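> Quick one, structure for this:
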Amino acid sequence: MDFKVAVAQIDIVLGDPDQNYQTVEKEIKAAAQAGADVVVFPEMWNTGYALTELARLADQDGWRTKQLLAKAAKENQIAVVGGSVATVRAGGKFYNTTYVYDETGQLVGSYDKVHLFGLMHEDQFIQAGDHGNVFELKGVKSASFICYDLRFPEWFRTVAKQGVDVIYVPAEWPTPRVEQWEALVKARAIENQAFVVAVNRVGHDAENSYSGHSLIVDPLGNVIANAGEKAGLTIAELDLDQLKAVRGPIPVFKDRRPELYD
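Numbers count the residues shown, from 1 in each chain. Below is the predicted model of the structure:
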């Protein structure tokens, strides 16, 4: 079975949700016209890391984001892994949140980033999530994480052992650590015997630069597609039949010794 994935490697305008929502809506339409089954976006695309301005910018209960993604998914008949956005909920608490929609415009998954990145002061403004996100898109069992989560293999394994075939990782991963990004994406694919679709942004904000290198990686760690350093769509087909061939000879989930782990 083939599954066509579109990576939307976009620039994000810091502190300008109106412009960013327009960009995402346009990219969803373009991915659908290209025949993709699903389109995936980077992290915090509605505001960028404008953390000190979240009281003004964050999406109340994710309402605007959910309305846009549901409508665009349904109208274009394409599934959307909505990267992540800054949201605010009861009590004025902020979250870094992913919403996932199927091609009918139904919400099938949501996720609050579990591991908050202190180096970019995220932990000073945002609340950590406390649950995983496993869902199906067109019959493909999938999961999503966000950026810094990539450095915690135990969290990926906790979720992936539920039988996940495709893992999505939206990110704002700065340029100085892009080599680590590529190494970690490949490692998460190999150790969990799953496809990993990892989407980074391009451009700049007040403190960081981002050079893209969004990756689509197969269960053996081979790079199917690398989006390079420019904004735009990158599309690749996942051969899901490859999963059986990889998992059969090396049954890592069956061979685990969890009684020896933390």
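> C-alpha only now, for contacts and for neighbours.
Will do.
> What segments of this protein are helices?
17-33, 54-57, 63-76, 153-160, 178-192, 242-247 (DSSP state H).
> Distance-wise, check Leu14 relative to Arg64.
17 Å (CA to CA, to the nearest Å).
> again with Asp239
Taken as CA to CA, the span from Asp239 to Arg64 is 34 Å.
> if we can go back for a sec, quick one: which of Leu14 and Arg64 has more around it?
Counted by other CA atoms under 10 Å, Leu14 and Arg64 do not tie: Leu14 has more neighbours, with 19 against 14.
> How about that one, nearest residue that isn't a chain neighbour?
Using CA to CA, 6 or more residues apart in numbering and skipping residues adjacent in sequence, the residue nearest Leu14 is Gly48, 4.9 Å away.
> can you check Asp2 too?
Excluding the flanking residues, the one nearest Asp2 by CA to CA, 6+ apart is Asp239, at 4.8 Å.
> Does the one you found touch Val140 like I think?
No: the criterion here is CA atoms under 8 Å, and Asp239 misses it with Val140 at 11.7 Å.
> wait, what's in contact with Lys138?
37, 102 (CA atoms under 8 Å, 6 or more residues apart in numbering).
> oh, and call the first residue 46 from now on, that's how I've got it
All set: I'll call the first residue 46, so the last point we hit is now Lys183.
> gap between it and Gln122?
Applying CA to CA, the value for Lys183 to Gln122 is 11 Å.
> beta partners of the residue at minimal distance from the centre of the chain?
In the chain, the centroid-proximal residue (CA atoms, centre = their mean) is Pro215; its distance is 2.7 Å. Listed by DSSP bridges, the beta-bridge partners for Pro215 are Val244.
> What of Leu260?
With DSSP bridges as the rule, Leu260 is bridged to Ala243, Asn271.
> Go ahead and confirm it touches Ala234.
No: Leu260 lies out of contact with Ala234 (CA under 8 Å); the separation is 11.0 Å.
> Overlap of the contact sets of the two?
By CA under 8 Å, 6+ apart, the residues touching both Leu260 and Ala234 are Val241.
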